[in-house]
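Peer 1: predicted model and sequence follow; I will ask about them next.
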Amino acid sequence: MTKIESQLVFLPSPGIGHLISTIEFAKLIINRDHRLSITILVMKTPLQTVTPSFTDSIFSTKRLHVINLPQPQITNSDLNAPGSFITTLIHTYKPYVRDHVTQLVNSPHSPRLGGFVVDMFCTPMIDVAREFHVPAFVFFTSSAASLGLVLHLYTLRERDGFNATLLKNTDTELVIPSFVNPVSAKVLPSFVLNKEWEPAFLILGEGLKKADGIIVNSFEELESHAVHFLNLADNNNIPIYPVGPILKINDDNDVVIVKWLDDQPHSSVIFLCFGSMGSVHEDQVREIARALEDSGARFIWSLRKSPPKGLTNMAQPTEYAPQELIDVLPYGFLDRTAETGRVIGWAPQAQILAHQATAGFVSHCGWNSTLESIYFGVPIATWPLHAEQQINAFQLVRELNMAVEITLDYRVEFKVGSNTLLGADKIERGIRDLMENDEVKKRVKDMSDESRKTLTLGGCSYSHLGRFIDSIIN
């Protein structure tokens, strides 16, 4: 039996997408090298009442341990300041992390502590890693191009006093070295443009510069330009490890929706889903319904109710009750589309994208969803909501030619929601383009093949993961 030589401590941020990709990355490492073990310390926000159930299945894994940290007290005033909230939360958790890591290293026969891997929004934990005299790596759960954008804007801020918040609501175009084309301020991430997020942006930039390496959930074959820039850029000689796509592709089985898909023609169904945190207001719901009906496309629509205003971007959407669903949709919509569509709540996204009947994905362009759609060869129609989704949509449409555009700059603001209403005609045009654009379909199919090869022997991500593991072992 191979002796465990080194252990890593992983610290994901509380967001479900970040936790999933962290767990999958941990699995990737321990499956690759039996000399490593990993402990994941899970933090929760006050709005999270339970730990996601999928963590239960890995509690007993010998070399992968998940520990749920105690939930600290955070005041309502902290919740109302999104930019400082996550920073306050991470600093509050520092003593818990310090105590648990101390227990780990002092346990009998415990392998040496090899380092910390902290989520991009948990960079204050680098200070704790320094206390244990081990390296700290940042796990960047978005694209390499987005990483380049953050590093570039942070450098401009520190060197020249450049403040990107002044660009909000302007048409200013910026030259960002990790992108081929000029980038409009309208598609910059919310945490770059909004004053209330400025503290979090500065901490992110500072943390990236302090890291001993940055792991990116992307792959060189997809983002060759951005990865090339990151390797050449003056980033304090920080190693960059693009090791993706890191995906959770085994969803819980939804027999009902799979049975319905089995009965549909090949490549005939549009899947519309805004992710675990995404939703739109009721007027927008009705415009989507009209667009789906007018397009004549078969569809699966994951429709969930927005949280109350004041918690936008902080609380997860909830399920509509049957009568609420009837009331929010156009009169008779469910009856008229009974043969061609399904309106559901939570969706087994990977399972739907993997199905041969699925032809396209109307998506919020979260990075995990983007990687899933590429992996399964399903083209996207872009409809971003918040975080860095606008820049992801821009990259897919304008840089990679791997998506069609419904919108690039739709934005849901914290505590405000969206002031934009996309009309049914525009949505319908995007759906038709998604079904008919053969060039985009071919690009996505080709990259799907690359996304599977890159993690195997000889692929770029396989090689970068080996470099990362060598840096820990040696």
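Peer 2: In hand now; what should we look at?

Peer 1: give me the domain ranges for this structure.
Peer 2: 6-248+452-473, 255-451 (automatic domain parsing).

Peer 1: need the ones you listed in a markdown table with mean neighbour count, can you?
Peer 2: For the C-beta atoms, the positions are set from N, CA and C on the backbone; glycine is no exception. Below are those laid out as a markdown table (neighbours: other C-beta atoms under 10 Å):
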| stretch | mean neighbour count |
| --- | --- |
| domain 6-248+452-473 | 18 |
| domain 255-451 | 19 |
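
Peer 1: which stretch of helix or strand covers Ser218?
Peer 2: Assigned by DSSP states H and E, Ser218 belongs to no helix or strand.

Peer 1: roughly how far apart are it and Asp212?
Peer 2: With the distance defined as C-beta to C-beta, to the nearest Å, Ser218 ends up 19 Å from Asp212.

Peer 1: equivalent analysis for Gln316, please.
Peer 2: As for Gln316, its distance to Asp212 is 34 Å (criterion: C-beta to C-beta).

Peer 1: and if you look at Arg157?
Peer 2: Distance from Arg157 to Asp212, counting by C-beta to C-beta: 23 Å.

Peer 1: just list the residues touching the closest residue to Val362 other than its chain neighbours, thanks.
Peer 2: Distances taken as C-beta to C-beta, 6 or more residues apart in numbering put Leu272 closest to Val362, at 4.1 Å, once the chain neighbours are dropped. Contacts here follow C-beta atoms under 8 Å, 6 or more residues apart in numbering; on that basis Leu272 touches Ile288, Leu292, Phe299, Ile300, Trp301, Ser302, Phe361, Val362.

Peer 1: which of those residues fall within strands?
Peer 2: Counting by DSSP state E, the contacts of Leu272 place Phe299, Ile300, Trp301, Ser302, Phe361, Val362 in strands.

Peer 1: now do the contacts for the third one.
Peer 2: Read it as Trp301. Applying C-beta under 8 Å, 6+ apart as the definition, the contact partners of Trp301 turn out to be Leu272, Cys273, Ile288, Leu292, Gly341, Arg342, Val343, Ile344.

Peer 1: so which of those residues belong to strands?
Peer 2: In this view, those that belong to strands under DSSP E are Leu272, Cys273, Gly341, Arg342, Val343, Ile344.

Peer 1: farthest-separated two in those?
Peer 2: With distances taken as C-beta to C-beta, the most widely separated pair in the ones in strands among the contacts of Trp301 is Cys273 and Gly341, at 13.5 Å.

Peer 1: tell me how far the closest residue to Gly341 other than its chain neighbours lies from Pro322.
Peer 2: Ranked by C-beta to C-beta, 6+ apart and with sequence neighbours excluded, the top spatial neighbour of Gly341 is Phe299, at 4.3 Å. Distance, Phe299 to Pro322, by C-beta to C-beta: 19 Å.

Peer 1: the stretch 201-350 of the chain: strands as residue ranges?
Peer 2: Taking DSSP state E, counting those that start in this stretch to define them, one finds strands in the stretch 201-350 of the chain at 213-216, 240-242, 269-273, 298-302, 341-344.

Peer 1: ditto for the stretch 1-150 of the chain
Peer 2: 6-11, 36-42, 64-68, 112-119, 136-140.

Peer 1: in JSON lines: the ones you listed, plus mean pLDDT and distance to Val175.
Peer 2: Output for the strands of the stretch 1-150 of the chain, formatted as JSON lines (pLDDT from 0 to 100; distance: least, C-beta to C-beta, whole Å):
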{"stretch": "strand 6-11", "mean pLDDT": "97", "distance to Val175": "34"}
{"stretch": "strand 36-42", "mean pLDDT": "96", "distance to Val175": "39"}
{"stretch": "strand 64-68", "mean pLDDT": "94", "distance to Val175": "43"}
{"stretch": "strand 112-119", "mean pLDDT": "97", "distance to Val175": "29"}
{"stretch": "strand 136-140", "mean pLDDT": "98", "distance to Val175": "22"}
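
Peer 1: closest one to Asp425 among the ones you listed?
Peer 2: Proximity to Asp425, assessed across these by C-beta to C-beta, is greatest for strand 136-140 (37.7 Å).

Peer 1: who are the packing partners of the closest one?
Peer 2: Based on contacts counted as 3 or more C-beta pairs under 8 Å, 6 or more residues apart in numbering; DSSP states H and E, the elements that strand 136-140 packs against are helix 16-32, strand 112-119, helix 126-131, helix 198-210, strand 213-216.

Peer 1: need those in JSON lines with distance to His152, can you?
Peer 2: Below are these laid out as JSON lines (distance: least, C-beta to C-beta, whole Å):
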{"stretch": "helix 16-32", "distance to His152": "23"}
{"stretch": "strand 112-119", "distance to His152": "21"}
{"stretch": "helix 126-131", "distance to His152": "21"}
{"stretch": "helix 198-210", "distance to His152": "10"}
{"stretch": "strand 213-216", "distance to His152": "14"}
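
Peer 1: nearest approach to Asp446 belongs to which of these?
Peer 2: The closest approach between Asp446 and any of the helices and strands packed on strand 136-140, judged by C-beta to C-beta, belongs to strand 213-216 at 21.3 Å.

Peer 1: dump the C-alpha coordinates for the closest one into PDB.
Peer 2: Extracted as PDB, the C-alpha positions of strand 213-216 are listed here (Å, rounded to 0.1, in the frame of the first residue of the first chain):
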ATOM      1  CA  GLY A 213       0.300  29.400  -7.300                       C
ATOM      2  CA  ILE A 214      -3.100  29.800  -9.000                       C
ATOM      3  CA  ILE A 215      -5.100  26.800 -10.000                       C
ATOM      4  CA  VAL A 216      -7.700  27.600 -12.800                       C
END
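
Peer 1: which helices and strands sit right next to that strand?
Peer 2: Strand 213-216 is packed against strand 136-140, helix 144-160, strand 240-242, helix 460-473, with contacts defined by 3+ C-beta pairs under 8 Å, 6+ apart.

Peer 1: and Gln284, what does it touch?
Peer 2: Counting by C-beta under 8 Å, 6+ apart, Gln284 has contacts Ser418, Leu421, Leu422.

Peer 1: and the last one, its phi and psi?
Peer 2: Its backbone dihedrals place Leu422 at phi -80, psi 130, with angles given as degrees, to the nearest 10.

Peer 1: and the second one, by the same measure?
Peer 2: In terms of degrees, to the nearest 10, the main-chain angles of Leu421 are phi -120, psi 110.

Peer 1: from Thr456, how far off is Tyr356?
Peer 2: That one is not Tyr; residue 356 is Gln. According to C-beta to C-beta, Gln356 stands 23 Å off from Thr456.

Peer 1: before we move on, what about Asp470?
Peer 2: From Asp470 over to Thr456 (counting by C-beta to C-beta), the distance is 18 Å.

Peer 1: how about Thr123?
Peer 2: 32 Å.

Peer 1: for Leu89, same thing?
Peer 2: Counting by C-beta to C-beta, the gap between Leu89 and Thr456 amounts to 38 Å.
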